[in-house]
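Visitor: just a sequence and a predicted model for now, questions to come.
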Amino acid sequence: MKTYSDWVKRFLPLLIMTCIFLAGCTTAETMTTEVSMPTSVISPAEIACTVTEAEWLKPPEDPAVNDAPADGYYFVNSDRSIWASAWWTQPGEDHLHASGDDIKVGWFRPEGAELEITGRRLDGQASPLQSEIPCCYPTRFQATGLIFPTEGCWEVTAKAADRLLTFTVWIDP
């Protein structure tokens, strides 16, 4: 009676030869397809950064905003008291980039409450996020500018009254 090891000794070389033969039958076109590079390269740090997905929503009506509310992408806290526009997540929009220029972000917060925005890089050392928050917006709407000093994975936290909104974004170089 033949044992398992006898079977392996007899048929393993045949199996290996068959695999080599079949691998040699792959067409050049198939091989090119298999080794082609992706059109965009994602860094390992970006893969590790769990970016918050923006929601497609209609923002609250506000007398400070001239037009009627229109659907758009927003980061929103659970009780819907703080909203941050996320216009850069729309298809066809450019990603966020590190620079000395501010990125315009519109917010909705509890009416008249002072808005505080902080941010920190999660995947490396960096100066904190800078926020430019003009005073005296009496309604829910508040315009701001955010400056991300470096690329990477950033956590942004907004506070207004006793409410919080935290989200994570990826900043390109």
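Guide: Perfect, thanks for sending it.
Visitor: what mean pLDDT does stretch 53-67 have?
Guide: Averaged across stretch 53-67, pLDDT comes to 95.
Visitor: can you pull the buried residues of it?
Guide: Across stretch 53-67, burial judged by 16 or more other C-beta atoms under 10 Å covers A54, P59, D62, V65. All C-beta spots, glycine's among them, are computed from the backbone N, C-alpha and C.
Visitor: now do that stretch: distance from first to last residue.
Guide: Across its full length, stretch 53-67 reaches 25 Å between end residues, using C-alpha to C-alpha, to the nearest Å.
Visitor: show me what it is in contact with.
Guide: With contact meaning C-beta atoms under 8 Å, 6 or more residues apart in numbering, stretch 53-67 is reached by 68-76, 83, 85-86, 89, 108, 137-141.
Visitor: and those residues, which of them are buried?
Guide: Looks like those have 72-76, 83, 85-86, 89, 108, 137, 140-141 buried, using 16+ other C-beta under 10 Å.
Visitor: which one of those residues sits closest to H95?
Guide: T89 (9.0 Å; C-beta to C-beta).
Visitor: ok so, going back, which of the contacts of stretch 53-67 fall in helices?
Guide: Among these, no member falls in helices (DSSP state H).
Visitor: and the two most separated of the buried ones among the contacts of stretch 53-67?
Guide: Going by C-beta to C-beta, the pair spanning the buried ones among the contacts of stretch 53-67 furthest: T89 and Y137, at 23.8 Å.
Visitor: neighbours around W88, how many?
Guide: 15 (other C-beta atoms under 10 Å).
Visitor: how about the closest residue to it other than its chain neighbours, what does it touch?
Guide: Nearest non-adjacent residue to W88, counting by C-beta to C-beta, 6 or more residues apart in numbering: L96, 5.4 Å away. Neighbouring residues of L96 by C-beta under 8 Å, 6+ apart: W88, I103, F148, V169, W170, I171, D172.
Visitor: likewise for I117?
Guide: L129, S131, I133, T144, L146, V156, T157, A158, K159.
Visitor: measure it to D71 for me?
Guide: As defined by C-beta to C-beta, to the nearest Å, I117 lies at a distance of 24 Å from D71.
Visitor: can you check I103 too?
Guide: From I103 to D71 the distance is 21 Å (C-beta to C-beta).
Visitor: likewise W107?
Guide: Separation of W107 from D71 (C-beta to C-beta): 17 Å.
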